[in-house]
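S.K.: give me the fold of what follows.
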Amino acid sequence: LGDLGALTGLVILSFYTVVAGWVALYALHYALESVALAAPIGRPAAYFTAITEDAAAQAAAAAMIVVAGAAIMMRDAVRGIEAAMRWMAPVFLASLALLALVVVFATPSPLNVAAYLLRPDFSALTLDAASEAIGHAFFTLSIGMCGMLVYGAYLPRGADIGNLAFTVAFIDTAISIVCAFIVMGVAFSSGADPAQGPGLIFVVLPDAFARLPGGPLLAAVFFITVFMVAFSSIIAVMIVVTRALEDKLSLTPRAASLACAAAILAGALAVIASISGLAKIEFFGLGLFDLLDTLASSILLPISGIGVALFAARAMAAPLRGLRGGPAILFCLRFIAPVGLAVVAISKIP
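M.R.: Numbers count the residues shown, from 1 in each chain. Model (predicted):
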């Protein structure tokens with residue numbers, strides 16, 4: 001189960017690093033544009049296509065990210081993440097607050113955005129939608145990748161795990177909703193269709209930022225903020241892969257970090273070659289990027305989640321029975337979660 005979690009993390013990092021590289025390239029462009037050192041993005045769709053076809057730029061961005069992540073891992077993974085987040089978290093929250101404030105004033109009807117995000121529409125709750133939601137929740141909370149197990153190993157004795165779990169889930173959900181409000185608010189302000197997937201970030205939002213006062217600066221803040229989130233996620237998953245390599249291959253932390261970085265970069269370069277057209281890599285009619293995304297979020301994560309649920313139900317049965325609501329949690333771990341996740345995983349098998 002631990003090996004599966006590490007493998008899942010490695011698969012995710014192979015394509016997620018490429019996406020983080022796109023964000024870094026956008027952040028750099030807008031930072032330069034805000035000080036008049038780069039031309040405005042006049043045609044966002046063409047600009048995004050040019051980036052995905054530029055293998056060298058994508059490879060450079062991915063390599064920069066992987067090297068930076070490996071440097072943090074070699075310094076001491078947990079302390080490195082702690083040191084990085086000590087300055088990244090306040091900057092991220094301040095940027096988020098600034099962007100949310102701008103959206104409130106720039107969007108004609110911010111309440112419409114909130115209604116779009118929060119009003120229930122059960123007719124849209126299809127199996128595909130549930131699969132996407134589960135994949136997102138699993139990734140952001142490091143479920144199915146053994147992330148929480150690794151971080152839990154570093155908790156001090158006497159830590160209130162229940163309260164910590166609730167706090168992490170609450171903060172993660174709250175920040176996700178605020179980010180969604182910002183993205184949808186900018187889209188609404190330009191009259192764009194908000195249901196466009198990745199194109200919303202890399203095509204629609206640049207067009208919307210161009211219409212706002214101080215657009216390049218706001219765009220730079222936005223993409224820098226998104227990059228901080230992406231990079232923190234990358235180093236969070238890297239620690240899982242690195243620790244697995246240390247345990248399985250008896251590697252030193254430095255050697256495991258370098259091996260992890262090399263594996264991620266190899267996967268990212270393969271994805272870049274597929275996206276840019278350097279090499280036609282397809283399986284089951286899917287390009288390598290889409291294949292790895294589907295494999296990780298819709299198959300590996302749910303399967304690993306089933307294993308984690310059953311493991312927790314067995315390993316924690318005695319203490320859970322003594323807690324208020326514990327029997328209900330055990331029932332969910334043993335039956336509800338495994339069956340639900342199995343249905344999602346089976347439905348996504350090509």
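S.K.: spatially nearest residue to residue 338, not counting backbone neighbours?
M.R.: Excluding the flanking residues, the one nearest residue 338 by Cβ to Cβ, 6 or more residues apart in numbering is residue 306, at 4.7 Å. For glycine as for every other residue, the C-beta is placed from the backbone atoms N, C-alpha and C.
S.K.: tell me the mean pLDDT over the strand or helix carrying that neighbour?
M.R.: With elements taken from DSSP states H and E, the one containing residue 306 is helix 301-315. Computed over helix 301-315, the mean pLDDT rounds to 89.
S.K.: chain center to it: distance?
M.R.: Between the centre of helix 301-315 and the centre of its chain there are 21 Å (Cα atoms, centre = their mean, to the nearest Å).
S.K.: helices and strands around that helix, which ones?
M.R.: helix 2-34, helix 127-140, helix 337-347 (3 or more Cβ pairs under 8 Å, 6 or more residues apart in numbering; DSSP states H and E).
S.K.: pick the most deeply packed of the ones you listed.
M.R.: Highest mean neighbour count among the helices and strands packed on helix 301-315 (mean count of other Cβ atoms under 10 Å): helix 2-34, with a mean of 22.
S.K.: what mean pLDDT does stretch 65-84 get?
M.R.: Here stretch 65-84 scores 77 as its mean pLDDT.
S.K.: name the nearest residue to residue 265, sequence neighbours excluded.
M.R.: Nearest in space to residue 265, with sequence neighbours left out and distances taken as Cβ to Cβ, 6+ apart, is residue 66 at 4.8 Å.
S.K.: run a quick neighbour tally on residue 225.
M.R.: Residues contacting residue 225 under the criterion other Cβ atoms under 10 Å number 23.
S.K.: sorry, back to before: and the residue nearest to residue 265, how many neighbours?
M.R.: Counted with other Cβ under 10 Å, residues neighbouring residue 66 total 24.
S.K.: ok, now which ones touch it?
M.R.: Residue 66 makes contact with 17, 261, 264, 265, 268, according to Cβ atoms under 8 Å, 6 or more residues apart in numbering.
S.K.: out of those residues, which is most surrounded?
M.R.: Most neighbours among the contacts of residue 66, by other Cβ under 10 Å: residue 17, with 28 neighbours.
S.K.: wait, what's in contact with that residue?
M.R.: 62, 65, 66, 234, 264, 265, 267, 268.
S.K.: at 10 Å what do you get?
M.R.: Going by Cβ atoms under 10 Å, 6 or more residues apart in numbering, residue 17 touches 58, 61-63, 65-66, 69, 230-231, 234, 237-238, 264-265, 267-269, 271-272.
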